[in-house]
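> pasting the structure only:
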């Protein structure tokens, strides 16, 4: 007879102990399900709860560090533990006011820096049509300015196939007038295609140029005409190098900010024969118009924008006076007012008055706001300037042909 085997707790398995105690052991599948629930994180809440959590998080991020960052202090308790002690309400109110005052310049600086960046780096608009759409032969050109900006444009030569057939080789050797057409912000290179076709039929060479940061040109900062004058000068220099272009008759047509750039370039470049300022504007008034909704704080916001603009573009808005620029221009200028707004219309009228002799004005009440009607008036103006220069050149040639010693004898009595 075998002796009774004693049961030692160490020899019993965990399963036997659980069975003796009446504990239900979960299966392997149940263990996997429990592990999955533990690792799944928090239970899912409703959409409203998640939206509230996101709103609270956004509020904390937006208001930091304005919501009393030092509202409490740490101290050592009697038992040696560190306890958090809340400060007095007066201290919290003073601290909140000081933190807001210190953070205000930083927040305003970031705010106006963002506004300046987005206004000087607008979205690019690409042309939907080309000169070929208007039955004009053209070639794409790339021009580099003196400050290293890369510009793209379309060059339409003045000679047509019909002119070559009619005049033969002489048509290729004849020099023609030229026009540089620069569209403005919010436009694309095809904005001046109707005008380009009119000038091309009149015998002009045409260069449609995208200024910096616009269209197909390279990335650049838009400065509302301050630096774009270099783009206009580069376009004029390109036309000067064309053999078919008359160097004495290169006209510039600019819209909006390009109109300001054309005026700036004409005041220092004597190779420009005439200028069409299509919708010029005073930069100070344009900036104030951006913050028109600010009401009483309009001047404050405009001055803050100008400071941020000067710092980021390395240009000085206050150093440019468009009226003094217009007074220095000796070439004929046609001022075109597209908008019937009283302020914009008055600015263009005042600029035309500052030009005095040689300045002409074309307002919305004269020709209407139809694009083709304005294009016809611009084309007629440039053609009249060219004809006047041709007539003056013929008179000069005829006067020089008489010789320097020829004078009219006084009549005998």
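The structure has been received and is ready for your questions. Just so it is clear, the model here is predicted, and its values are computed rather than measured.
> drop to CA atoms for contacts and neighbour counts, all remaining ones
Will do.
> average model confidence for the one helix or strand residue 372 maps to?
Assigned by DSSP states H and E, residue 372 belongs to helix 371-401. Throughout helix 371-401, pLDDT has a mean value of 84.
> What helices and strands are in contact with that helix?
helix 193-201, strand 272-278 (3 or more CA pairs under 8 Å, 6 or more residues apart in numbering; DSSP states H and E).
> Give the buried residues for the longest one.
Of all the residues in helix 193-201, those buried under the rule 16 or more other CA atoms under 10 Å are 193, 194, 195, 196, 197, 198, 199, 200.
> could you redo those residues as TSV and give each row pLDDT and distance to residue 278?
Formatted as TSV, the buried residues of helix 193-201 follow (pLDDT from 0 to 100; distance: CA to CA, whole Å):
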residue	pLDDT	distance to residue 278
193	94	15
194	93	15
195	95	12
196	95	15
197	94	18
198	94	17
199	95	16
200	94	19
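> would CSV of these with distance to residue 268 be doable?
CSV is the format used below for the buried residues of helix 193-201 (distance: CA to CA, whole Å):
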residue, distance to residue 268
193, 28
194, 29
195, 26
196, 25
197, 29
198, 28
199, 25
200, 27
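> Of all the residues in stretch 123-131, which ones are buried?
In stretch 123-131, counting by 16+ other CA under 10 Å, buried: 124, 131.
> gap between that stretch and the chain center?
With CA atoms, centre = their mean, to the nearest Å as the basis, stretch 123-131 stands 15 Å off its chain's centre.
> what about it, how long is it end to end?
Length of stretch 123-131, first residue to last, CA to CA, to the nearest Å: 23 Å.
> Would you mind checking the average pLDDT for it?
89.
> what's the answer for stretch 242-254, then?
Mean predicted confidence for stretch 242-254 is 93.
> Quick one: residues in contact with it.
Stretch 242-254 is contacted by residues 157-158, 172-184, 205, 236, 239-240, 259-262, 271-278, 382, 386 when judged by CA atoms under 8 Å, 6 or more residues apart in numbering.
> Next up, the contacts around residue 264.
Residue 264 touches 225, 226, 229, 325, counting by CA under 8 Å, 6+ apart.
> go with 6 Å
Residue 264 is in contact with residue 229, counting by CA atoms under 6 Å, 6 or more residues apart in numbering.
> Going by residue numbers, what spans are strands in the protein?
72-76, 82-86, 139-144, 150-156, 176-182, 205-209, 245-255, 272-278, 333-336, 359-362 (DSSP state E).
> Do me a favour and get the end-to-end distance for stretch 284-304?
Its first and final residues considered, stretch 284-304 spans 12 Å by CA to CA.
> outside of it, which residues touch it?
Residues outside stretch 284-304 that contact it (CA under 6 Å, 6+ apart): none.
> Pull out the buried residues from that stretch.
For stretch 284-304, using 16+ other CA under 10 Å, the buried residues are 287, 288, 291, 298, 301, 302, 304.
> Distance to residue 250 added to these, as TSV?
Below are these laid out as TSV (distance: CA to CA, whole Å):
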residue	distance to residue 250
287	32
288	35
291	38
298	41
301	41
302	37
304	40
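> Inside helices: which ones of these?
In this view, the buried residues of stretch 284-304 that belong to helices under DSSP state H are 287, 288, 298, 301, 302, 304.
> Just checking, which of those comes out lowest on pLDDT?
Within the set of these, pLDDT is lowest for residue 298 (77).
> Quick check: the gap between residue 260 and residue 393.
30 Å.
> do the same with residue 51
In terms of CA to CA, residue 51 sits 78 Å off from residue 393.
> and residue 307, how many neighbours?
18 (other CA atoms under 10 Å).
> swap that for residue 91, please
Residue 91 has 14 neighbouring residues, counting by other CA under 10 Å.
> OK, contacts around residue 256?
184, 279, 280.
> any idea of the pLDDT on the last one?
Think residue 280. With respect to pLDDT, residue 280 has a value of 92.
> And the first one, by the same measure?
Taken from the predicted model, the pLDDT recorded for residue 184 is 88.
> Spit out the contact partners of it.
Applying CA under 6 Å, 6+ apart to residue 184 gives the contacts 255, 256, 257, 258.
> Make CSV from the residues you listed and add distance to residue 312 to it.
Listed next are these as CSV, based on distance: CA to CA, whole Å:
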residue, distance to residue 312
255, 24
256, 22
257, 18
258, 20
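> From those residues, pick the one nearest residue 90.
Taking CA to CA as the measure, residue 257 is the one of the contacts of residue 184 closest to residue 90, at 53.5 Å.
> Pull the number of nearby residues for the closest one.
The local packing of residue 257 (other CA under 10 Å) involves 27 other residues.
> show me what contacts it?
184, 224, 225.
> The residues you listed in helices, which ones?
Using DSSP H, no member of the contacts of residue 257 falls in helices.
> Reformat those residues as JSON lines; add distance to residue 146.
Formatted as JSON lines, the contacts of residue 257 follow (distance: CA to CA, whole Å):
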{"residue": "184", "distance to residue 146": "21"}
{"residue": "224", "distance to residue 146": "18"}
{"residue": "225", "distance to residue 146": "15"}
